[in-house]
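**Q** Dropping the sequence and predicted coords here.
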Amino acid sequence: MAKAKNIYIYRVILPYTETANPKKKFKIEYTVEAENRETARKAAEEQFFGYLQYDMASWVRTLERDQIRVWRLSPDLPQTSQSIDELCTELESKDLEVVYRALRAIGEIQDSTPSSQITRLFSHPDEEISSLAAETLGRIGDPANIPYLVSAFKPDANPRLKASILSSLGKLAGTSDPIQDLLATAIGDSDARVRANAVEVIEKLFLPKQAKLLLPMLADEDNRVRANVLKALWQSHSRPSLGNNLDEMLNNPNPWMRASAAFVLEHIEVEGRVKNLGNLLNDPDPVVSRSAWRAISALKESDCIPHWLDYMLKHPENDFPEIRAKMVEFGSEALDFLYDFLSEQKTSDPLIENIRKKIEDEIYLREGFLNWLKAKSRRVI
């Protein structure tokens, strides 16, 4: 099942001129529902040009594309161009907390107007501010900011800034954008965060020389780098070779390697992945078991049910609404696993009883009385 897309409300201002009065500037404003700012801009332009098809005037209207303004409407943030401009003045503040809050807000609003102000913060002496500035350009979502990010990726830049630049390029860049040389440099960086983020960008762009760039990095000493390389190459490279690397990570004495192996298993389809994640759930190191839980709780395979149940019973202090909902969706298949689990436990539990009842109720609604009765007759007490 495809993941549902988040839809937001955007304000789009389109400046234009008319041949009847070329010295006069006009603006038209649209409110658009869209997944992101680029989609919102395109939707507004379609409305603009669609309207022109019905305009019987003899003059021509021309968009001034470099002046187009787009921002996301959010109840707790500035919603007009004037209030956003006032927010942007806070980027010049000497108070780091004020600058930090302004950058976070601008990233939420996604207005690219202050981009030049944001790029000046790349050289800010506080690493948190400089890296957040780079991240903010990515969150804004305007590909026009790619050159700013590329020019700031310098050998002597602080590693946190370089890692943030790569993260933003991963959001903005396409295959045709000239960032291959930057990526080739980044995968050789001394900082593991930079290398790991570079691998993520290479995977997203699916570069022609992807395998050549990434294969040597399977020997990287950093767990996240190796995990990202395995994930990136899994669909295009030799499975036996990659499988051996995955097995080495699963059995590595370093718990961070085992935790990253769980991350890989969440994103690839491989024989025995649920079994391996189940083993990692019982790993004595909490970092590994937490990573395994994040992975196995994200899957939608019925074989996960016994592991879900076992984990939920061991962590009664937590709530698991999404897991319960997935089990209910499995219906009768989930009941089979649940009854087997109960028979092995030789005891009941309020949480399990609650899930069982919800599944039986769902069977009644979806499959009718007879199937509901059949399900109840298999109940283990």
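**A** Here it is on my side, so go on.
**Q** The closest residue to I187 other than its chain neighbours and S297, how far apart?
**A** Excluding the flanking residues, the one nearest I187 by C-beta to C-beta, 6 or more residues apart in numbering is A198, at 4.7 Å. No exception for glycine: its C-beta is placed from N, CA and C like everyone else's. Look at A198 and S297: by C-beta to C-beta, to the nearest Å, they are 29 Å apart.
**Q** Neighbour count: the two, which is higher?
**A** Legend: neighbour count by other C-beta atoms under 10 Å for A198 and S297, higher for A198 (28 against 18).
**Q** Find me the pLDDT at the more buried one, would you?
**A** Here the pLDDT value assigned to A198 is 96.
**Q** for it, helix, strand, or coil?
**A** Secondary structure for A198, judged by DSSP: H, G, I helix; E, B strand; the rest coil, is helix.
**Q** which residues touch it?
**A** 166, 183, 186-187, 189 (C-beta atoms under 8 Å, 6 or more residues apart in numbering).
**Q** ok, those vs P350, which is closest?
**A** Using C-beta to C-beta, L166 comes nearest to P350 of the contacts of A198, at 47.4 Å.
**Q** so who does that closest one touch?
**A** 153, 186, 194, 197-198, 200-201.
**Q** coming back round to it: please report how far the residue nearest to I187 lies from L207.
**A** 11 Å.
**Q** And for E353?
**A** Distance from E353 to L207, by C-beta to C-beta: 53 Å.
**Q** Between these two, point out the one with more neighbours.
**A** L207 (18 against 11).
**Q** burial of K154, as a residue count?
**A** 12.
**Q** can you check Q117 too?
**A** So Q117, with other C-beta under 10 Å, has 15 neighbours.
**Q** P22 too?
**A** Quick note: P22 (other C-beta under 10 Å) scores 11 neighbours.
**Q** does it count as helix, strand or coil?
**A** coil.
**Q** residues in contact with L309?
**A** 337-338, 341, 352, 355.
**Q** Tell me which helix or strand it sits in.
**A** L309 is part of helix 305-314, with elements assigned from DSSP states H and E.
**Q** what's next to the next helix-or-strand element following that helix, contact-wise?
**A** Following helix 305-314 in sequence order, the next helix or strand is helix 321-330 (DSSP H and E). Identification of contacts with helix 321-330 by C-beta under 8 Å, 6+ apart yields 297, 300, 302, 305, 308, 312, 334, 338, 354-355, 358-359, 362.
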